[in-house]
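Asker: got a sequence here, can you build the structure:
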Amino acid sequence: MSSPQDTSEAVGAEEGTSQDSMGHEGEEGRNTEEGNAMDWPPQQQGDMKRVAAQLIEKYYFQLTDGCGNPNCNNPDCASSRKVGQLTSNEAAGKALQLFASRARLCEVVGAKGPRARQSVSCDVTDSAQAHTSATGGADSSSSVVQDVNMAGVSTPNTSLPPLSPQVERMNSPAGLTEETLTLTINECRSSNNYAKLRRLLWEVFSNEIALRHSFLQRSDSVQRRNETIVRSKSIDNTTTQSKEELRAQEGDLDKDLDCAEDISADEGAASSDKNGKVEERNNIKPKGLVLHALDISEVRRSYAHLFECPESEFGSTLMNAIVQLLSDSLSIQLRVRRDAFSAIPNNINIFIILLESPSLNTTDFIEGVMPKMCRTIGQLPEKDQALLSKHIATWEASRLHRLLESLHQLITIKLLTTEFTRDFTINDEDSITSATQVMKLLFYASIYGGELDTPLLKDIPSSDSFLENVSQNDDPFLGVNGAGKDWATRPPSKDSLGSELGIHVLDARTPLILLSEFYDDFLSDQLEMDRDFAYYKAGSGDKFSFLNFPFILTPATKALGLYYDNRIRMYSERRISIYQQVMEGMPTNPYLKLRVRRDHIIDDALVDLEMVALENPGDLKKQMMVEFEGEQGIDEGGVSKEFFQLIVEQIFNPDYAMFCLNSETQTFWFNPNCFESDAQFTLVGIVLGLAIYNNVILDVHFPPVMYKKLCSKPGSFHDLRDWNTTLYRSLVELLEYEGDDMEEVFMQTFRVGYQDVFGTSLTHDLKLDGDNILVNQSNKREFVELYSDFLLNKMVERQFRAFRRGFNMVTDDSPLSNLFRPEELELLICGSQHYDFMELMKNTEYEGGYSSETPIIQAFWELVHDMSTEDKKKLLQFTTGSARVPVGGLARLKLIIVRHSPDCDRLPTAHTCFNLSNILKGLECFDLWKLERRS
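Answerer: Prediction:
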């Protein structure tokens, strides 16, 4: 097929071509129409108009030639025999109308000569028509050269090598195969001329239809014959076959390729060799997911053959072809007609083939191709993104990690090389946002390909069913509030991509790569969180927000976003209170004030908080201020910290017996036999929620399963490892025992025993009549799961339900569950255990004549660095009011050391009320001995 760009070069063809072209008047006329369609609009008018011309061209040939499907039922397709005889002008006009109405567009089946530029074959023989026909020789070669030159506009770093003008055009739409590529490579090696290989790569990788139909699975007989051809050509590159033999072999291959699409789509995009784990999950596919018959092994072998050639001979051609494909075809079609593109069979194969490229991690590919590829993948419907994520899940962990590093590298490059302004921020940089979207696919692929817990999504009831079995009680401490909202049963947040895959983030037990590897520290530091949070709350979709992709942000950055959310709610409650007082004369308080006695702190706090929850639970979202009875002081943060510290000490006091201490793990768990009311546990949950809401770190010691349960994920067997190590090891030993005498060795039934805090022995049947059911090889897994569920869920159901109710009363409208995973929630509540005082020293400021060079300051830090960890905790407690390290480390803490006076009798003092300004005074009078003695 000739294009308008080829016309000037085709004029110089031999005069003898006119006679040959006379015999193909109809075909030439069709080519002219096609050329006119592709020539409108001019390239400089934008990519959108160019893809419109391509779509109009497809409609034109659909009206004139049809799709090749004899059973087509499209009334606007010639193959359906519902389209009458149309002249070229009538067909062109009708094509414009179909394009304007976005009519149905059929997929082309079979070979169509005039449409060879769209449906490219992989024929590598010296076609007689290509040399004898002027239309098939001069025009086709000039078209290829023109296409290559056009692609040079988007080249990453290097220019494309010139191609020979005598390379013939391919005629079949079957797509690229391994044998075709291998034969071409061998022929190029023999002639020491790689022009034909460049031509082949360009025609396939710049054409979406050709690439979509490449490397499809075939029947076993065809596959064996193809492998025989490849091996025979690889043994002796110098031995050549006749043209007739090659034509016969390739003709048979083209015929057999027609059966490729009859292969069941459920065979999967790839198979996994990791004990069939991923393959087994692929066989149980969520509804709506269809995997297409792409031969991944053939793709990888083909890439291996290709990259055995000198990369300088084809590298730039391959990258330019991919850029052309992504820029001029796929990306624009996804923007213009996303639904129609998604309906095309095997469209996901294009991206799988591109992601399999060995050059994916090279610098040229990252800078030149990956931004466009990420942009195009980000525009795919989520159903196709789920398919792509499933394929990536079959990769080895090291390969997945390399792609993740490439995406991080792309983001870093764009952050360093892009000049951001007030009107153009990181959220507007398309390369960064699209790389983040692709990283989300890798994030879920890492979860999907790793070890999973019981799928959470299967256990999540609908929102309407949460209230079915709950007693309607207006007391928020005991049941459902007046609005019919149960604070104790809030479902976890869902992600649409995770729903397509049938998994949840909380399902991850052992992902392929650590989820913390997805943090981008540099992006998190550079991001303007106040602006990103505004985009997040707007939720319009007009602006990209990284908070919608929390896996890429560090916990410290997400904590800042949560801080903005909490402060906005506090200020909103304050404005409402002032409005009610001014306009309605209501005596309101813009703060949540608690007046407590030190000796009765739990009782007083319980009464005050219960009254607030009964009268107006929204007051819990006001800024908290604490006053100790009989003491003077204004709460600017320090008094609240002391309140939380004291109440936590009382809560975990053995005298209350609300929690049990595991001496092995040094963690606390609910006492299932305590005499305290549910209201007491609700208070504990409110305290945790208020601590997060008021940005206070607590010294609590819960096992990780606690935070997992707070995120709506029930505890399971593997959570016992951090809850009770000895019990976990015993159950692992039971599971690993393979002997047939298990019943005699373990003598374990489905009745289990345990002790309460008072030493009383109790029993529980995991199944009906459990005492008469022995654990054996067939039911040992069931026993372990039931036992774990009893210990972590059922035995403490009442206590945890009340605890979670109180926690959700404070955090129900917060984005907490959307932003933080269980391990991040623990970090948010308890702080970090990494005491890096070098970071604190770097961020410390000095006033009153002090500086980092002052001798007494240098002596002070020398003493601090020589302290033990316990002494460092004491110093942190003295200066900040808390011995815990905030999220993000001590680098997030700001210490100010101020010179007080030369009075040697005054000890250092600290103001702990200000989180960012902790003032330490009176150091210069103390030598190292005095400092160490009095610290």
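
Asker: only C-alpha atoms for contact and neighbour calcs from this point on.
Answerer: OK.

Asker: neighbouring contacts of stretch 556-572?
Answerer: For stretch 556-572, the surrounding residues in contact (C-alpha atoms under 8 Å, 6 or more residues apart in numbering) are 524-525, 529-530, 533, 547, 550, 621-623, 693-695, 814-816, 819-820, 828, 887-888.

Asker: give me the buried subset of those residues.
Answerer: 524, 529, 533, 547, 550, 621-623, 693-695, 815-816, 819-820, 828, 887-888 (16 or more other C-alpha atoms under 10 Å).

Asker: same question for the longest helix along the chain, mean pLDDT?
Answerer: Counting residues, the longest helix in the chain under DSSP state H turns out to be helix 555-583. Helix 555-583 shows a mean pLDDT of 84 in the predicted model.

Asker: can you get me a residue count around Leu768?
Answerer: For Leu768, the number of neighbouring residues by other C-alpha atoms under 10 Å comes to 10.

Asker: using the three-state scheme, assign it.
Answerer: Using DSSP: H, G, I helix; E, B strand; the rest coil, the secondary structure recorded for Leu768 is coil.

Asker: let's number from 58 now, not from 1
Answerer: Yes, from this point I'll number from 58; that puts the last item at Leu825.

Asker: other SSEs contacting the one helix or strand Leu554 maps to?
Answerer: When elements are defined using DSSP states H and E, Leu554 is found to belong to helix 553-558. Identification of packing neighbours for helix 553-558 by 3 or more C-alpha pairs under 8 Å, 6 or more residues apart in numbering; DSSP states H and E yields helix 439-449.

Asker: so which elements touch the helix it packs on?
Answerer: Under the contact rule (3+ C-alpha pairs under 8 Å, 6+ apart), helix 439-449 is packed against helix 404-412, helix 487-506, helix 553-558.

Asker: now do the buried residues in the last one.
Answerer: With burial defined by 16+ other C-alpha under 10 Å, the residues of helix 553-558 counted as buried are Leu554, Gly555, Glu557, Leu558.

Asker: helices of the stretch 658-807 of the chain, start to end?
Answerer: If you assign secondary structure with DSSP state H, counting those that start in this stretch, the helices in the stretch 658-807 of the chain sit at 658-672, 695-708, 735-750, 761-767, 777-780, 782-793, 799-803.

Asker: please identify the most buried of the ones you listed.
Answerer: Comparing the helices of the stretch 658-807 of the chain on average neighbours per residue, with mean count of other C-alpha atoms under 10 Å, the densest one is helix 735-750 at a mean of 23.

Asker: which other residues reach it?
Answerer: Contacts with helix 735-750, where a contact means C-alpha under 8 Å, 6+ apart, come from 534-535, 620, 623, 663, 666, 677-678, 701, 708, 715, 754-755, 855-857, 859-868, 885-886.

Asker: how would you label Leu819: helix, strand or coil?
Answerer: Reduced to three states with three-state DSSP, the structure at Leu819 is strand.

Asker: filter the contacts of helix 735-750 down to the buried ones, PyMOL style.
Answerer: Command for PyMOL that selects the buried part of the contacts of helix 735-750, burial taken from 16+ other C-alpha under 10 Å:
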select buried, resi 534+535+620+623+663+666+677+678+701+708+715+754+755+856+857+859+860+861+862+863+864+865+866+867+868+885+886
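
Asker: any weak-confidence spans in the stretch 608-757 of the chain?
Answerer: For the stretch 608-757 of the chain, applying pLDDT under 70 flags the ranges 643-645, 690-694.

Asker: change it to 90
Answerer: Filtered on pLDDT under 90, the stretch 608-757 of the chain yields the residue ranges 620, 622-724, 728-741, 743-744, 748-757.

Asker: local confidence estimate at Arg858?
Answerer: The predicted local distance difference test score for Arg858 is 92.

Asker: just Met376 next, same as before
Answerer: 92.

Asker: how much space between the residue lying closest to it once chain neighbours are set aside and Gly559?
Answerer: Leaving out its chain neighbours, the residue that sits closest to Met376 by C-alpha to C-alpha, 6 or more residues apart in numbering is Val426, at 6.7 Å. Using C-alpha to C-alpha, to the nearest Å, Val426 is found at 31 Å from Gly559.

Asker: comparing the two, which residue is more hemmed in?
Answerer: Set side by side, Val426 and Gly559 show more neighbours around Val426, with 23 against 18, by other C-alpha under 10 Å.

Asker: the more buried one and Thr420, how far apart?
Answerer: 10 Å.

Asker: average pLDDT for stretch 386-406?
Answerer: Per-residue pLDDT over stretch 386-406 has a mean of 78.

Asker: CA atoms of that stretch as CSV?
Answerer: The C-alpha trace of stretch 386-406 is given here as CSV (Å, rounded to 0.1, in the frame of the first residue of the first chain):
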residue,chain,number,x,y,z
SER,A,386,-1.6,4.9,17.8
LEU,A,387,-2.3,3.3,21.2
SER,A,388,-2.2,6.3,23.5
ILE,A,389,-4.5,8.4,21.3
GLN,A,390,-6.9,5.6,20.6
LEU,A,391,-7.2,5.0,24.4
ARG,A,392,-8.0,8.7,24.9
VAL,A,393,-10.5,8.9,22.0
ARG,A,394,-12.1,5.4,22.0
ARG,A,395,-11.1,3.7,25.2
ASP,A,396,-14.0,1.3,25.3
ALA,A,397,-13.7,0.2,21.7
PHE,A,398,-10.0,-0.4,22.2
SER,A,399,-10.6,-2.5,25.2
ALA,A,400,-13.1,-4.7,23.3
ILE,A,401,-10.4,-5.7,20.8
PRO,A,402,-9.2,-9.3,21.5
ASN,A,403,-5.6,-9.8,22.5
ASN,A,404,-5.0,-6.1,22.9
ILE,A,405,-3.2,-6.7,26.2
ASN,A,406,-0.6,-8.9,24.4
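
Asker: how are the strands of the chain distributed by residue range?
Answerer: Taking DSSP state E to define them, one finds strands in the chain at 508-509, 565-567, 648-653, 680-685, 716-719, 724-727, 808-812, 818-822, 902-904, 952-955, 975-977.

Asker: the third one pairs with which strands, parallel or anti?
Answerer: When you say that, I think you mean strand 648-653. Pairing partners of strand 648-653, with direction, according to DSSP bridges: strand 680-685 (parallel).

Asker: sorry, back to before: pretty sure the residue nearest to Met376 contacts Val380?
Answerer: Yes - in terms of C-alpha atoms under 8 Å, Val426 counts as a neighbour of Val380; the distance is 6.0 Å.

Asker: which of the contacts of stretch 613-629 fall in helices?
Answerer: Using DSSP H to define helices, the subset of the contacts of stretch 613-629 located there is Ser581, Asp582, Met586, Asp587, Phe590, Tyr750, Leu873, Leu876, Leu885.

Asker: how about the third one, nearest residue that isn't a chain neighbour?
Answerer: Leaving aside its sequence neighbours, Met586 sits nearest to Gly618 (C-alpha to C-alpha, 6+ apart; 6.3 Å).

Asker: for stretch 647-657, measure first residue to last.
Answerer: With C-alpha to C-alpha applied, stretch 647-657 spans 25 Å between its terminal residues.

Asker: any low-confidence regions in the stretch 858-992 of the chain?
Answerer: Scanning the stretch 858-992 of the chain for pLDDT under 90 picks out 863, 865-875, 884-992.
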